[in-house]
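> I would like the atomic coordinates for the input below:
(chains A and B)
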2 protein chains.
Amino acid sequence: MSDLENSMLSTIKVFRRYSGDKCKLRKAELKELINNEMSQFIQKIDDSETLDRVFADLDQNGDLEIDFQEFVAMVAMVTSACYDLSDPEHNASG
Amino acid sequence: MSDLENSMLSTIKVFRRYSGDKCKLRKAELKELINNEMSQFIQKIDDSETLDRVFADLDQNGDLEIDFQEFVAMVAMVTSACYDLSDPEHNASG
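Numbering: from 1, shown residues only, chains lettered A, B, ... in the order given. Okay, the predicted model is just below:
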């Protein structure tokens, strides 16, 4: 399997680890996942106001839970931000 | 760094490897990337008609090149499809 394929499976695994059998993340689980698994790229979430805002942004269908579709959209957004930051001149010349 | 963070960096690296200095994928590069790096999850692209269709679907801004934003949206879409296929009953109960 390629690195990219392994990365995709790894994204699925981490979601499963935090969503458990219900296959959706509640607020507390989303906070735990972000703080434990994304702290190099996203500032840790300490207060409920920030958590509420992040959660509302991600919860596209408004069911008060984050499904995999909503989660992987966040991962894509953060990856894009990392890409833009990783080499601004390089990217600008593209 | 967590597995998820490494996965995100890995996604950036593979895009850079195929897009080179221009930071965008042309049709031939997209085909090469998909066939080399995603063949476990996506059927290999053999004919130009399929390539044209895939390319047009991904090229959201119509500039005839695939930028990182468009690429990572494809990766998220394929990852979601893998997630749905990986455990249909499990997901349906969610």
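> give the contact list for residue A:82.
Going by C-beta atoms under 8 Å, 6 or more residues apart in numbering or on different chains, residue A:82 touches A:41, B:8, B:9, B:12. For every residue, glycine as well, the C-beta is placed using N, CA and C.
> from those residues, which is closest to residue B:66?
Of all the contacts of residue A:82, residue B:66 sits closest to residue B:12, with 14.2 Å by C-beta to C-beta.
> can you pull the buried residues of the strand or helix carrying the closest one?
Assigning secondary structure by DSSP states H and E places residue B:12 in helix B:3-19. Under the neighbour-count criterion of 16 or more other C-beta atoms under 10 Å in any protein chain shown, helix B:3-19 has B:3-5, B:7-12, B:14-16, B:18-19 buried.
> okay if I get the residues you listed as JSON lines plus pLDDT and distance to residue B:36?
Output for the buried residues of helix B:3-19, formatted as JSON lines (pLDDT from 0 to 100; distance: C-beta to C-beta, whole Å):
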{"residue": "B:3", "pLDDT": "96", "distance to residue B:36": "23"}
{"residue": "B:4", "pLDDT": "97", "distance to residue B:36": "23"}
{"residue": "B:5", "pLDDT": "97", "distance to residue B:36": "24"}
{"residue": "B:7", "pLDDT": "97", "distance to residue B:36": "18"}
{"residue": "B:8", "pLDDT": "97", "distance to residue B:36": "20"}
{"residue": "B:9", "pLDDT": "97", "distance to residue B:36": "19"}
{"residue": "B:10", "pLDDT": "97", "distance to residue B:36": "14"}
{"residue": "B:11", "pLDDT": "97", "distance to residue B:36": "15"}
{"residue": "B:12", "pLDDT": "97", "distance to residue B:36": "17"}
{"residue": "B:14", "pLDDT": "97", "distance to residue B:36": "9"}
{"residue": "B:15", "pLDDT": "97", "distance to residue B:36": "13"}
{"residue": "B:16", "pLDDT": "96", "distance to residue B:36": "14"}
{"residue": "B:18", "pLDDT": "97", "distance to residue B:36": "8"}
{"residue": "B:19", "pLDDT": "96", "distance to residue B:36": "14"}
